[in-house]
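Enquirer: Below: sequence and its predicted model.
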Amino acid sequence: MVAQHVQDTVTLNNGVKMPWLGLGVYKAQAGDEVEQAIRFAFEAGYRHIDTAAFYANEESVGKAVRESGLPRGEVFVTTKVWNTDQGYDQTLRAFEASLKRLGFEYVDLYLVHWPVSGKYRETWRALERIYDEKLARAIGVSNFQIHHLEDILAHGNVVPAVNQVEYHPLLTQEPLRQFCREHHIQLEAWSPIMRGNLDLPVLQELAQKYHKTPAQIVLRWDLQNEVVTIPKSVRRERIFENADLFDFSLSDEDMRRINALNRNHRFGPDPDTF
């Protein structure tokens, strides 16, 4: 089911509902900048905020959510355990610290930020405990390749609900997308608009055709590929623009044209060599 509204949700493999569109807050400064961005996002209808311990703005995210006046149950908040905190005991301590900074009794989604070699299995075991104790409504991973997921599936007890990866027209990761679909792991896109590198002729042409921006074309492509997407911005007009995706649909042919842009090009680190 392709999202038709900014607050439409996908049902994860454990029954939890996650909004298709969220606001990413990577590199948003703690304090006024991130708090204002979240206020703009709520004004635009977003109900999904993606942060991480590494972003150093969890405290501000929690404050903005609490001060929004929205019931806590109406806002989906993701955070992540950082690489230097991985391992079983360290992850449990890191989660407790994140929860305290956020000022929440639970998070909606807790992710392993990167597959740290030799540690991510124990990290996942800690996430399973956090999930069992109902401190996270869902647990998942980020930047995991197929072989990392196979390892988790072979040794863990809980199938990850989400895999958040770099995903955009130049990096479609189609085998990974299919693997996640087959195993009921929801794919989620970080850096969906390629850090602003949108000057591709196909995207420019489709932007004119649909009377949208290239960024809106890419975000709509995400949604029609059934990929959750979390574009980052701190500017009100851009936050609203990124949510204005529900009054048009890309044709099957135009979807194929965007799919064909893949170059296996990463703007971020490679999960196998980071």
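Expert: Looks like it arrived, so ask away. Owing to the predicted nature of the structure, the values given are computational and were not obtained by experimental measurement.
Enquirer: where does Glu96 fall, phi/psi-wise?
Expert: In terms of degrees, to the nearest 10, the main-chain angles of Glu96 are phi -60, psi -40.
Enquirer: Distance check, it against Phe274.
Expert: The spacing between Glu96 and Phe274, counted by C-beta to C-beta, to the nearest Å, is 26 Å. No exception for glycine: its C-beta is placed from N, CA and C like everyone else's.
Enquirer: How about Thr79?
Expert: 19 Å.
Enquirer: and if you look at Val159?
Expert: Going from Val159 to Phe274 by C-beta to C-beta gives 24 Å.
Enquirer: of the two, who's got more company?
Expert: Taking neighbours as other C-beta atoms under 10 Å, Val159 and Phe274 compare with Val159 leading, 16 against 12.
Enquirer: just the strands in the chain please.
Expert: 9-11, 17-19, 23-24, 48-50, 76-81, 107-112, 136-142, 162-166, 186-190, 228-229 (DSSP state E).
Enquirer: for the fifth one, packing partners?
Expert: Read that as strand 76-81. With contacts taken as 3 or more C-beta pairs under 8 Å, 6 or more residues apart in numbering; DSSP states H and E, strand 76-81 sits against strand 17-19, strand 48-50, helix 58-67, helix 88-102, strand 107-112.
Enquirer: Same list, those, but as CSV with distance to Phe248 please.
Expert: Listed next are the helices and strands packed on strand 76-81 as CSV, based on distance: least, C-beta to C-beta, whole Å:
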stretch, distance to Phe248
strand 17-19, 19
strand 48-50, 21
helix 58-67, 30
helix 88-102, 35
strand 107-112, 29
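Enquirer: will you turn those into JSON lines that also has mean pLDDT, distance to Arg177 and mean neighbour count?
Expert: JSON lines is the format used below for the helices and strands packed on strand 76-81 (pLDDT from 0 to 100; distance: least, C-beta to C-beta, whole Å; neighbours: other C-beta atoms under 10 Å):
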{"stretch": "strand 17-19", "mean pLDDT": "98", "distance to Arg177": "17", "mean neighbour count": "19"}
{"stretch": "strand 48-50", "mean pLDDT": "98", "distance to Arg177": "19", "mean neighbour count": "25"}
{"stretch": "helix 58-67", "mean pLDDT": "98", "distance to Arg177": "28", "mean neighbour count": "21"}
{"stretch": "helix 88-102", "mean pLDDT": "98", "distance to Arg177": "27", "mean neighbour count": "18"}
{"stretch": "strand 107-112", "mean pLDDT": "98", "distance to Arg177": "18", "mean neighbour count": "26"}
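Enquirer: quick one: which of the ones you listed is nearest Tyr167?
Expert: Using C-beta to C-beta as the measure, strand 48-50 is the one of the helices and strands packed on strand 76-81 that comes nearest Tyr167, at 13.7 Å.
Enquirer: which neighbours does that closest one have in its sheet, and in what orientation?
Expert: Strand 48-50 has the following strand partners under DSSP bridges: strand 23-24 (parallel), strand 76-81 (parallel).
Enquirer: mind saving the C-alpha coords of the last one as CSV?
Expert: Spelled out, it's strand 76-81. This file holds the C-alpha atoms of strand 76-81, laid out as CSV (Å, rounded to 0.1, in the frame of the first residue of the first chain):
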residue,chain,number,x,y,z
PHE,A,76,7.3,7.7,16.4
VAL,A,77,10.8,8.2,17.7
THR,A,78,13.9,6.3,16.6
THR,A,79,17.3,6.4,18.1
LYS,A,80,20.4,4.2,17.7
VAL,A,81,23.4,2.8,19.6
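Enquirer: who's in contact with that strand?
Expert: The contact list for strand 76-81, computed with C-beta atoms under 8 Å, 6 or more residues apart in numbering, reads 17-19, 22, 47-54, 58, 61, 65, 91, 94-95, 98, 102, 104, 107-113, 123, 127, 142, 164.
Enquirer: one more time with 7 Å, if that's ok
Expert: Contact with strand 76-81 is made by 18-19, 47-53, 58, 61, 65, 91, 94-95, 98, 102, 107-113, 123, 142, as judged by C-beta atoms under 7 Å, 6 or more residues apart in numbering.
Enquirer: Ok, which of the strands of the chain comes nearest Gln208?
Expert: strand 228-229 (22.1 Å).
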